[in-house]
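*Asks:* Quick one: sequence and predicted model below, then my questions.
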Amino acid sequence: MVPSAFVVLDALPITPNAKLNWKALPAPEPRAKEIVSIVPRDPIEARLAKIWEQVLGIDRVGVTDNFFRLGGDSLLTTHLFAQIEKEFGRRLPMGALFEAPTIEALAAILRQSSWLPSSLLQVQAGDPSIPPIFFVQARIGYHVLAAELGLEQPVYVVSYDDLVTSDTERSLGSVAEELVPRIRRQQPQGPYYLAGWCLAGQVALAVARELIRQGERIRLLAVIDTPAPGNARPSRSHALRSFIDRLQWHMHYVLHSNRQEKIEWITGAFRALGWHSRYRAWQLARLFFLRIGQPLPQPLRDPIWLMVEIAKKEATIRYPGRITLFCSSGKVFTCNDRSDLGWGKIADHGVDVYQISGLHRSVLRSNVRELGRRMKDCLAQAQQSHLTPT
């Protein structure tokens with residue numbers, strides 16, 4: 001929440017009991033609105049404004065108003081881009097909002113038939129003297145997470161969308177090889193600080209390995225709520241017991257959670273079912289084109305699903321360093337029972353595990369501030385260890 005007015009006082013008024021005298025606080029002086037709302041100037045901006053008003057639930061939006069400052073989050077972003085695709089027939093990546101957080105900027109993108117997203121996005125400029133943290137793949141929750149890390153912390157996002165859509169049969173190693181130059185253009189030398197949520201955590205691991213192979217140091221590799229490569233499924237020996245355990249956990253969660261948590265769980269469950277059904281249909285379509293020896297058509301080159309297929313082919317590998325894992329307290333039906341989600345098997349120097357309240361899908365939404373506070377502490381420790389002589 002941003003205050004609508006500020007009043008500067010020499011001292012706060014105090015009652016005889018040494019408490020704050022609320023009644024003695026002066027009312028803020030009325031002032032003219034400092035920011036003028038600019039109305040849409042052409043049909044594209046007008047259509048976008050209508051979509052924003054519907055998604056954000058507000059009456060009027062100016063073309064220079066910032067989506068995030070109006071209350072936009074990751075869930076609203078999903079609705080926003082679905083409506084844009086329906087209205088304009090254009091499928092934009094989520095990272096487009098980092099480049100174009102206003103109607104004016106989004107309209108400029110939609111006017112370009114051959115627009116390509118930037119491969120490195122600045123989420124927060126921060127202090128140039130502080131080494132940046134690089135998140136793999138754009139997630140809208142990173143905007144709030146960056147603020148929680150402190151306004152002085154530079155934050156960037158490196159995207160792999162163009163790499164996997166241009167070559168659908170890439171390996172994870174080849175993706176990492178091309179992501180590293182994008183990072184090094186911003187920060188030529190280490191030590192580096194890397195992070196990734198969900199599947200992007202495995203990509204961050206591959207990037208870290210590639211940087212180490214090139215002689216660089218990784219001060220922090222933060223993996224956010226994703227299992228290690230080769231550990232996504234429980235072993236058959238305890239699959240049934242694992243499933244029952246998770247089923248009991250979810251039943252307890254639904255029965256004892258508050259109303260908002262129940263709503264999140266139900267909507268998340270339906271979204272997950274819808275995602276998996278679309279993914280299975282996409283797999284069949286991809287298999288069909290592989291069988292007939294034809295390239296996958298552009299409309300089917302979804303970067304998320306392509307990366308899922310790429311990660312499946314990745315063998316279990318070792319990481320010559322320490323991994324920091326942030327995992328949700330919620331139990332996932334497809335993960336193993338290890339508290340470190342299998343990362344301890346591949347990290348030569350061990351794993352630091354930090355548990356974040358709630359479900360997997362809430363880590364970068366309702367619980368993003370808790371994640372940010374813990375990650376900020378880890379960043380501070382990693383940066384301090386870099387400054388401390390050994």
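*Replies:* Thanks, I have it.

*Asks:* Report the secondary structure state of the residue found closest to F68 once you drop the neighbours it is linked to in the chain.
*Replies:* Leaving out its chain neighbours, the residue that sits closest to F68 by C-beta to C-beta, 6 or more residues apart in numbering is H143, at 5.3 Å. The way it works is simple: take the backbone N, C-alpha and C, and place the C-beta from them, glycine included. Of the three states, H143 takes helix under DSSP: H, G, I helix; E, B strand; the rest coil.

*Asks:* Distance check, H143 against Q381.
*Replies:* Taking C-beta to C-beta, to the nearest Å as the measure, H143 falls 24 Å from Q381.

*Asks:* check contacts around the residue nearest to F68.
*Replies:* If you count contacts by C-beta atoms under 8 Å, 6 or more residues apart in numbering, H143 has them with 68, 98, 123.

*Asks:* Next one: it from F288, what distance?
*Replies:* With distances taken as C-beta to C-beta, H143 is found 38 Å from F288.

*Asks:* repeat for E53
*Replies:* For E53, the distance to F288 under the criterion C-beta to C-beta works out to 41 Å.

*Asks:* Between the two, tell me which one has more neighbours.
*Replies:* It is E53, of E53 and F288, that has more neighbours when counted by other C-beta atoms under 10 Å, with 14 against 11.

*Asks:* Outside of the helix or strand hosting that one itself, list whatever touches it.
*Replies:* Secondary structure assignment for E53, by DSSP states H and E: helix 43-56. Contacts with helix 43-56, where a contact means C-beta under 8 Å, 6+ apart, come from 40, 58-61, 63, 67, 70-72, 76, 79-80, 83-84, 87-88, 103-104, 106-107, 110-111.

*Asks:* got it, and stretch 372-384?
*Replies:* The contact list for stretch 372-384, computed with C-beta under 8 Å, 6+ apart, reads 130-131, 133, 144-145, 147-150, 153, 193, 195, 219-220, 222, 324, 326, 352, 354, 356.

*Asks:* Now list the buried members of the residues you listed.
*Replies:* 131, 133, 144-145, 147-150, 153, 193, 195, 219-220, 222, 324, 326, 352, 354, 356 (16 or more other C-beta atoms under 10 Å).

*Asks:* after the helix or strand containing L179 comes which helix or strand?
*Replies:* For L179, the host element (DSSP H and E) is helix 172-186. Secondary structure here is assigned by DSSP H and E; on that basis, the next helix or strand after helix 172-186 toward the C-terminus is strand 192-197.

*Asks:* What strands line up against that following strand, and which way round?
*Replies:* Strand 192-197 sits in its sheet next to strand 133-136 (parallel), strand 218-224 (parallel), going by DSSP bridges.

*Asks:* Tell me which of those strands sits nearest to I183.
*Replies:* strand 133-136 (5.4 Å; C-beta to C-beta).

*Asks:* Kindly export that closest one (C-alpha atoms) in CSV.
*Replies:* Extracted in CSV, the C-alpha atoms of strand 133-136 (Å, rounded to 0.1, in the frame of the first residue of the first chain):
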residue,chain,number,x,y,z
ILE,A,133,21.3,-11.8,-8.6
PHE,A,134,20.2,-13.5,-11.9
PHE,A,135,16.9,-15.4,-12.0
VAL,A,136,16.4,-17.8,-14.8
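
*Asks:* mean confidence score for that strand?
*Replies:* For strand 133-136, the mean per-residue pLDDT is 94.

*Asks:* Contacts for it next, please.
*Replies:* When contacts are defined by C-beta under 8 Å, 6+ apart, strand 133-136 is touched by residues 123, 142, 149, 153-158, 160, 179, 183, 186-187, 192-197, 200-201, 203-204, 207, 220, 222, 379.
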